[in-house]
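S.K.: Pasting a predicted model and its sequence here:
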2 protein chains.
Amino acid sequence: MSTPKILILGAGYGGLLTTLKLQKKLNYNEAEITLVNKHNYHYITTWLHEPAAGTASADHARVSLDQIIDMNKVNFVKGTVQSIQPDEQTVTLENGEVLSYDYLVIGLGSEPETFGIQGLKEYAFSIRSINAVRQIREHIEYMFAKYKNEPERTDYLTFVVGGAGFTGIEFCGELADRVPELCREFDVDPELVKIYCIEAAPTALPGFDPELVSYAMDVLGRKGVEFKIGTPIKECTADGVLLATGEEIKSKTVVWAAGVRGNSIVEKSGFEVMRGRVKVDEYLRAPGYENVFVVGDCALIFNAEGRPYPPTAQIAVQEGENLGDNLVALIRGEVMQPFVPALQGTLASLGKGEGIGMVGSKKLFGSTAALMKKASDLRYLWKIGGVGLAMKKVRL
Amino acid sequence: MSTPKILILGAGYGGLLTTLKLQKKLNYNEAEITLVNKHNYHYITTWLHEPAAGTASADHARVSLDQIIDMNKVNFVKGTVQSIQPDEQTVTLENGEVLSYDYLVIGLGSEPETFGIQGLKEYAFSIRSINAVRQIREHIEYMFAKYKNEPERTDYLTFVVGGAGFTGIEFCGELADRVPELCREFDVDPELVKIYCIEAAPTALPGFDPELVSYAMDVLGRKGVEFKIGTPIKECTADGVLLATGEEIKSKTVVWAAGVRGNSIVEKSGFEVMRGRVKVDEYLRAPGYENVFVVGDCALIFNAEGRPYPPTAQIAVQEGENLGDNLVALIRGEVMQPFVPALQGTLASLGKGEGIGMVGSKKLFGSTAALMKKASDLRYLWKIGGVGLAMKKVRL
């Protein structure tokens, strides 16, 4: 009997946690574990709004995989997945390499959901990867530098954030913190800089407690963010955005943060999806395949009321851990445990020292929320890289 | 008898030194001194290649005017000159303000000389001001960030420097020093980054000692700069440069550093010019006007062999000091002293700790030249702002 091959696609929250569980629990000869990832690092997606605004370096939001993965136990392949052939039990990479598996873990993450709005793909940035956020940061700085050479172009100083969900709100908080620094560096009058946060839904942070929403909008409003709520974006162009109201906002910097869908590779590979996400069973299996598991933003799971859980880091981490345990069980002929999310709360930063959150039924505001967010980040880093990584990355 | 009005246009080397001499020598009621400048700072033009490459901050290369000008003695006007009417003894600013004078000092600096090469004005950067070099630095960083999102676009990593004179060579040295840092920051393979230095003349640093030229090219060559000497640029486009040889270099970053001409306002105001420079007499007076003086890059003076002196900071400083003294003499009814340049040597940096230079007939190389350059910078800063400014700005 040959050693079973476990192939994990993606080293995001879901794929990484699956890998770490397997690495910890399995003995050397129990399985052949392969992890495929585009980069040789894992990034902390929930921190990306910081390097995007330039309030932290991009390096700060990533961890080199060789720091956390035991390369003796895990075969790491740096590559980009092109397609999955579940019936042949193979995966093809962009470089033509074909990998076969007995068990497959799909953790390929998300892509921006543009809801069919024209021009977003071509003209808007999104906070989706280390490379993407480095470009956003450099683009913003470049706009300040360009403005100083074309002082009639105040549109260079207008920044549009599409979406007032978590990512949009957190990015607005960081950007508002960065603007005064940029104004000092480039001798720009802060009055000329505009940050618009535009949301189609009738409220910012839809689904969140109204008192917290109002606190968040108040904090950001005082930092200079102008909200346009209940205002869909109709089109994004090279010159800015057209709103459904007919208003045009001239801007060279539109950051789209209004939602994600599952990686399109999953759909292209023939899996049935809703918004790119595979509706998985209680063991995170894709319909029709006993040996294909989906975690993170590509997986769709429902709560007791039949509503889908939003794609969050928290759930992806729990899925990865559950799946890692279940793969060990499968290999050892033991019983799998169904996945049950344990929601521990929600925390959003609003820039330096400010935040909001719900932990259980308790509302958190200001520095308390900001501190709890740090604690939660610390816990995650400790989990994946031990106390050393946690101390190195979390700045209290 | 009314107090004579001295109007100084530009706070570059020439205008600033004139102002400082007047401020030092004249009593409060001897003259009404007005200094007009676009910005409220003086910048050290000979350092601009550093912030352009990003090896130093732009702030480092400028000095706030209120640190060095006694605002009780000098009336400072922040404004941009639009035209000079020498027959009416007035100067018009872009905001419409009209200033009158008894004595005028034109120190309006230079503009890039494009020699009629198509596309340079539209597509090339030039190292000409604080705002311009901030844009160059941000543009370079943006190219690295963009490349990581479009890895087929290696042209983003190609940098073309037009001109292997002092500015071109010094910028190449800094850029070559910066590239490894940028490669580390953006995870870019240094092998992909190209720096071309293109010069139409048959040698780099035309007119300089051949042994020093060869040393400079060797140092920069080892840092990765590729020279194309005796190779005129035919055209600059949005996609790069076309060389006279027929070769095309694809690049989004062309920095034109192949020469300057006097500010076009001077010619537009009716003064007779050669390449934008006014051929002044021995007292730096414009032909036909006893009360109009020209200093710095707008002034053209000839050596004993009838060859024009190149427009350098060194000569501008000496002109400013001479003119300051002469204006004091004029006001007091004393005799003016003719301007005689005292060339003290030439020094060029080749990046960190490297340089070349001639001091008298002595050739300087490497760290000795770099140190002499620091000493010369220190001397200048001491002159304009005292020991405090010198210690603050010069990093030994």
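M.R.: Great, that's in hand. Since the structure is predicted, the reported quantities are computational estimates derived from the model, not experimental observations.

S.K.: For residue A:163, list the residues it contacts.
M.R.: A:197, A:198, A:199, A:256, A:257, A:258, A:259 (C-beta atoms under 8 Å, 6 or more residues apart in numbering or on different chains). Placement of C-beta: from N, CA and C, glycine included.

S.K.: ChimeraX command for the buried members of these?
M.R.: To isolate the buried ones among the contacts of residue A:163 in ChimeraX, judged by 16 or more other C-beta atoms under 10 Å in any protein chain shown, type:
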select /A:197,198,199,256,257,258,259
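
S.K.: Return the distance of residue A:59 relative to residue B:187.
M.R.: For residue A:59, the distance to residue B:187 equals 10 Å [C-beta to C-beta, to the nearest Å].

S.K.: Among the contacts of residue A:163, which has the minimum pLDDT value?
M.R.: Ranked by pLDDT, the contacts of residue A:163 bottom out at residue A:259, which scores 87.

S.K.: In space, what's closest to that residue - neighbours in sequence excluded?
M.R.: Distances taken as C-beta to C-beta, 6 or more residues apart in numbering or on different chains place residue A:113 nearest to residue A:259, at 4.2 Å, with adjacent residues excluded.

S.K.: Tell me where the stretch 101-250 of chain A has strands.
M.R.: A:103-106, A:110-112, A:124-125, A:158-162, A:194-199, A:225-229, A:233-237, A:240-243, A:248-250 (DSSP state E, counting those that start in this stretch).

S.K.: Identify the residues contacting the fifth one?
M.R.: Residues external to strand A:194-199 that are found in contact with it (C-beta under 8 Å, 6+ apart): A:157-165, A:168-169, A:172, A:175-176, A:179, A:204, A:220, A:224-231, A:233, A:241, A:243, A:249, A:251, A:258.

S.K.: Sheet partners, orientation included, of it?
M.R.: Counting by DSSP bridges, the strands paired with strand A:194-199 are strand A:158-162 (parallel), strand A:225-229 (parallel).

S.K.: from the contacts of strand A:194-199, which would you call buried?
M.R.: A:157-165, A:168-169, A:172, A:175-176, A:179, A:204, A:220, A:224-225, A:227-229, A:231, A:233, A:241, A:243, A:249, A:251, A:258.

S.K.: which bits of chain A sit near chain B?
M.R.: A:58-59, A:131-132, A:134-135, A:137-139, A:141-142, A:144-146, A:148-149, A:185-186 (C-beta under 8 Å from any C-beta of the partner chain).

S.K.: can you list the domain ranges for chain A.
M.R.: Chain A breaks down by automatic domain parsing into domains covering A:5-38+A:79-112+A:260-343, A:120-256.

S.K.: between these, which one is nearest to residue B:371?
M.R.: Closest approach to residue B:371 among these (C-beta to C-beta): domain A:120-256, 30.1 Å.

S.K.: Between the two ends of that closest one, how far is it?
M.R.: The straight-line separation of the ends of domain A:120-256 (C-alpha to C-alpha, to the nearest Å) is 8 Å.

S.K.: can you give me how far that domain is from the chain middle?
M.R.: 18 Å (C-alpha atoms, centre = their mean, to the nearest Å).

S.K.: Residue A:187 touches residue A:147, doesn't it?
M.R.: No: using C-beta atoms under 8 Å, residue A:187 is not in contact with residue A:147, being 10.2 Å away.
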